[in-house]
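Enquirer: okay, predicted coordinates and the sequence, questions at the end:
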Amino acid sequence: MGCGFNMYESKILLSLHKLVSPTAKEICLDTRVPKNKVYEILENFISKQIIQLHPTKPKRYSVINLKGLLHDNLARETKSLQEIEEQIDTAIGTPQKTAEYDETFSVMEGESAMINKIVETLSEVNKESIGLIDVWAVRQSNLRAVKEAISRGVKFYFLGTIDKQSLPIATAYAKLGVEVRHYPVQGAGYSIFDGRYVQLRVTERKIISLWVESEQFATMLRRNFFEMWEKGKNVRL
């Protein structure tokens, strides 16, 4: 609540974190928030790119990078960083799955949701991150995540259109140690993390991200990526 959410919203956020990927019914039982309020708040969170929807039956929901979200909201609040960080660490603890459900596929909308999910994923990447970049996006949070991953030995490869508009962003990544090449990409792209997690993007009108956990799919796309990589051009950044 100290980060700007009301009581019901706070209960639902913590329930989403604790239960990992619950249904609306499971959230109701866990939080005792009225059912109509749960659905109302979930829809609001989706529109604000705070949570992602898993198109299962029944539908399941999960929060995108809860700690990052709370810290972003913290910047707009008046309490001190140290005090709120202590509250965050105490409140969210360690997530525990309460249902037998594997998050192998999810979909989300918007740039903020995409970046928050990437930041969350990069915290667990150990070897390699590949990006066929259809939309160059940069925020301090993902620059920091890339820098931290590189310091752990993660190799980064970004391939995409480098023009006057994207050049400053590509340069910022290159300065961190990302290998960047120019290759014309438009309307769709993908990222691969540790040869296992795949993010597919469609960006012709608005950013739609689909996340898939599949080593076979990742291997296929990775092979496709490095075939294009060989055709890409080095750019002086």
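Expert: Structure received.
Enquirer: next helix or strand past the helix or strand of the chain with the lowest mean pLDDT?
Expert: Taking mean pLDDT, DSSP states H and E as the measure, the helix or strand of the chain with the lowest value is helix 81-92, at a mean of 64. Using DSSP states H and E, the helix or strand that follows helix 81-92 in sequence is strand 105-109.
Enquirer: packing partners for the next helix or strand after that following strand?
Expert: Next along the chain after strand 105-109, taking DSSP H and E as the criterion, comes helix 111-122. Packing partners of helix 111-122 (3 or more C-beta pairs under 8 Å, 6 or more residues apart in numbering; DSSP states H and E): helix 66-74, helix 140-151, strand 188-193, strand 197-202, strand 208-213. (Glycine included, C-beta is placed from N, CA and C.)
Enquirer: for this structure, give me the ranges with low pLDDT.
Expert: Applying pLDDT under 70 to the chain flags the ranges 1-2, 71-104, 204.
Enquirer: care to break it down by domain?
Expert: 7-92, 105-234 (automatic domain parsing).
Enquirer: adding mean neighbour count, write those domains out as a markdown table.
Expert: As requested, these are arranged in a markdown table below (neighbours: other C-beta atoms under 10 Å):
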| stretch | mean neighbour count |
| --- | --- |
| domain 7-92 | 16 |
| domain 105-234 | 17 |
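Enquirer: what packs against the lengthiest helix in the chain?
Expert: With secondary structure taken from DSSP state H, the chain has its longest helix at helix 215-231. The elements that helix 215-231 packs onto, with contact taken as 3+ C-beta pairs under 8 Å, 6+ apart, are strand 128-133, strand 155-160, strand 188-193, strand 197-202.
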